[in-house]
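Asker: Next comes the sequence, and after it the predicted model I'd like to discuss.
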Amino acid sequence: MKIDTTVALTDLKGEQIKNNKGEVLFSQTVMVDSLLATHQGETPTGKEKFERYELAKKISDAKGTVEISAEEATKLKDMIAKSWAPIVVGRMYELIEK
């Protein structure tokens, strides 16, 4: 499946979501940051960390769109859900499942 990495996320009113620095939050940033994050209580193996790193690099290197497998999409959605507020999770799930 292809995912657009250039989407500026919006809230329910259609206004752009911004990060703590006041910068517009893009789909590529959400995906990469989610994959590279470590969450409390999580104990991924070295192999799992490396797989997340590889997928984050693939997404980071993408220009416009990135092609990922269904398995990668499942992992990505799981990591996004652990990392972000519901509005970001919802927007990203819509984008991934499109």
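Answerer: Perfect, thanks for sending it.

Asker: Please read off the pLDDT at the spatially most central residue of the chain from the model.
Answerer: For the chain, residue 31 is the residue whose C-alpha lies nearest the centre (CA atoms, centre = their mean; 1.8 Å). If you check residue 31, the pLDDT there is 97.

Asker: same check, this time on residue 20
Answerer: 89.

Asker: any idea how far it is from residue 33?
Answerer: 12 Å (CB to CB, to the nearest Å). C-beta here means a position set from N, CA and C on the backbone, and glycine is covered the same way.

Asker: cool, and residue 44?
Answerer: In terms of CB to CB, residue 44 sits 16 Å off from residue 33.

Asker: for residue 50, same thing?
Answerer: On the measure of CB to CB, residue 50 and residue 33 end up 17 Å apart.

Asker: if you count what's nearby, which of the two comes out ahead?
Answerer: Per other CB atoms under 10 Å, whichever of residue 50 and residue 33 has more neighbours is residue 33, with 16 against 11.

Asker: Confirm the more buried one sits in a helix?
Answerer: Yes: Residue 33: assigned to a helix according to DSSP: H, G, I helix; E, B strand; the rest coil.
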